[in-house]
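Enquirer: Dropping a prediction and its sequence here:
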Amino acid sequence: GQQLNQSPQSMFIQEGEDVSMNCTSSSIFNTWLWYKQDPGEGPVLLIALYKAGELTSNGRLTAQFGITRKDSFLNISASIPSDVGIYFCAGQRPSRRGANSKLTFGKGITLSVRP
Amino acid sequence: DAGVTQSPTHLIKTRGQQVTLRCSPKSGHDTVSWYQQALGQGPQFIFQYYEEEERQRGNFPDRFSGHQFPNYSSELNVNALLLGDSALYLCASSLGRNLWLDTFGSGTRLTVV
């Protein structure tokens, strides 16, 4: 089945540093999404990307939809302690009959920020 | 404005039993999706309900079934529980089938012993 690859499994950075995560797939997606999940909570949408090459920012977060439509990256600038959590990428492919299909999630990257 | 609410928050069941999980979508949303998140993994799509019908389904056996009610709330039923069904079950809602910007609930943690 479709798989989204996120690596490494964990990242450790110093407060104030920038960090970049990427997500790759062997399949083409027409939507890329980035989520953050805190312990005991559901994922929260950070950024949605709808067009190849699109670069979108949300505060200190910037994400890009790869031109090949098979990858995306998320960058967090000037990290702070509350950035700690699990970051998931998710992709969506079009289905038949015009309705968008299910989301496929990566396994996530656990980010730790040292004060 | 309440977001997606799920109940119960935690549940322990014995192998072979049946379980029902409940979800109320965010106000104004009419589509509910269910996901299974095993420990250390990303959410896996189970199925989506819209207009009280199952519209999309992931790679889950028939032991997993659901229902959507006229008020858009939904239930997930799992029969003949296996140890491997232990996971966080997430409900997500959205407006319309074509809008997949799901809002997720906090989930139900199911432990099968």
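Expert: Yep, it's here.
Enquirer: where are the low-confidence patches of the chain?
Expert: Reading this off chain A. A:1-2, A:94-101 (pLDDT under 70).
Enquirer: um, chain B though
Expert: With pLDDT under 70 as the threshold, chain B has low-confidence stretches at B:1, B:97-100.
Enquirer: The residue positioned nearest the centre of it - nearest residue in space that isn't next to it in sequence?
Expert: In chain B, the centroid-proximal residue (CA atoms, centre = their mean) is residue B:34; its distance is 3.2 Å. With CB to CB, 6 or more residues apart in numbering or on different chains as the measure, residue B:46 is the residue that lies nearest to residue B:34, at 4.3 Å, once sequence neighbours are left out. Any C-beta I mention is one placed from the backbone N, CA and C, and that applies to glycine too.
Enquirer: give me every residue that touches that neighbour.
Expert: Neighbour list for residue B:46: B:33, B:34, B:35, B:36, B:57, B:58, B:60, B:64, B:66, B:76 [criterion: CB atoms under 8 Å, 6 or more residues apart in numbering or on different chains].
Enquirer: which SS class is the fourth one?
Expert: Judged by DSSP: H, G, I helix; E, B strand; the rest coil, the three-state class of residue B:36 is strand.
Enquirer: distance between the ends of stretch B:51-67?
Expert: End-to-end distance of stretch B:51-67: 10 Å, with CA to CA, to the nearest Å as the criterion.
Enquirer: Distance from stretch A:9-17 to the middle of the chain?
Expert: For stretch A:9-17, the gap between its own C-alpha mean and the chain's C-alpha mean amounts to 16 Å (CA atoms, centre = their mean, to the nearest Å).
Enquirer: for stretch B:89-98, same thing?
Expert: Taking CA atoms, centre = their mean, one finds the center of stretch B:89-98 at 10 Å from the center of the full chain.
Enquirer: Tabulate the CA atom coordinates of it in PDB.
Expert: Only the C-alpha atoms of stretch B:89-98 are listed here, as PDB (Å, rounded to 0.1, in the frame of the first residue of the first chain):
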ATOM      1  CA  TYR B  89      -8.800   5.100  18.300                       C
ATOM      2  CA  LEU B  90      -9.200   8.600  16.900                       C
ATOM      3  CA  CYS B  91     -12.300  10.100  15.500                       C
ATOM      4  CA  ALA B  92     -12.100  13.100  13.100                       C
ATOM      5  CA  SER B  93     -14.700  15.200  11.600                       C
ATOM      6  CA  SER B  94     -15.000  17.600   8.600                       C
ATOM      7  CA  LEU B  95     -17.600  19.400   6.600                       C
ATOM      8  CA  GLY B  96     -18.400  17.500   3.400                       C
ATOM      9  CA  ARG B  97     -16.800  14.500   2.000                       C
ATOM     10  CA  ASN B  98     -14.400  16.500  -0.200                       C
END
